[in-house]
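1. structure for the following, please:
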Amino acid sequence: MEFLDERLVGAWYGSAVGVMESSGVVFLGDGRGWSRFDSVSGELAVGRFRWHCPQAGVLTLQYTWQVGGEWGGDGDGFAVVRHSRPFDEVIETGYRVAPHRPPMGEAARTALLLDRDVEFEDVFYRSAASVGCADDPSAGIVPYPEPPLSGGPSRG
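-> Residues are numbered from 1 along each chain as shown. Got it, this is the predicted structure:
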């Protein structure tokens, strides 16, 4: 039975992919979400997906849209869009939510540990910030439709 693991809902940020890049993933409570990769060189890429858990400890991301270009001066949106198009990719990975120590020797924090990379990362740390569709950097390029009323995975 497919379900949405409520422990995943929210924003998760990766440790630095390299010295100059970062990535993140956001899971919305209605089964939508996005991943983000950005670089100090100005590159910004956002991939939107539908997510669910087909069984305990397994996460499926069904990518549906991709936007790439350069981020704006405020760092939250696109200044230049190079492409905006449908995107069809499925990532299925094992996962667990557990305390994990970041690479710079900080105290352990709540982390999403993946068996397979998403945006070049397999460890993401929970953000305290609440998020919604408007926080997606691509929302100004491709507005979000209203969420489906029902028929999706159950909440678990």
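
2. please identify the helix or strand for the spatially most central residue of the chain.
-> Nearest to the mean C-alpha position of the chain, counting by CA atoms, centre = their mean, stands residue 25 at 1.9 Å. Element membership for residue 25 (DSSP states H and E) is strand 21-27.

3. can you give me the offset of that strand from its chain's centre?
-> 5 Å (CA atoms, centre = their mean, to the nearest Å).

4. and the residue lying farthest from the centre of the chain, helix, strand or coil?
-> Most distant from the centre of the chain: residue 105, at 24.4 Å, with distances by CA atoms, centre = their mean. Residue 105 falls in the coil class when you classify it by DSSP: H, G, I helix; E, B strand; the rest coil.

5. for residue 136, see how far away the residue nearest to the centre of the chain is.
-> According to CB to CB, to the nearest Å, residue 25 stands 11 Å off from residue 136. For every residue, glycine as well, the C-beta is placed using N, CA and C.

6. overlap of the contact sets of those two?
-> residue 34 (CB atoms under 8 Å, 6 or more residues apart in numbering).

7. show me where this structure has strands.
-> For the chain, the strands defined by DSSP state E occupy 3-4, 10-14, 21-27, 32-39, 43-55, 58-71, 78-100, 109-118, 121-126, 154-155.

8. and the fifth one, which residues are buried?
-> Think strand 43-55. The neighbour-count check on strand 43-55 (16 or more other CB atoms under 10 Å) flags 44-53 as buried.

9. one step back: a markdown table for the strands of the chain, including distance to residue 142 and mean pLDDT?
-> Shown next, in a markdown table, are these (distance: least, CB to CB, whole Å; pLDDT from 0 to 100):
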| stretch | distance to residue 142 | mean pLDDT |
| --- | --- | --- |
| strand 3-4 | 23 | 96 |
| strand 10-14 | 19 | 95 |
| strand 21-27 | 15 | 94 |
| strand 32-39 | 11 | 94 |
| strand 43-55 | 8 | 97 |
| strand 58-71 | 6 | 97 |
| strand 78-100 | 6 | 96 |
| strand 109-118 | 20 | 96 |
| strand 121-126 | 23 | 94 |
| strand 154-155 | 26 | 58 |
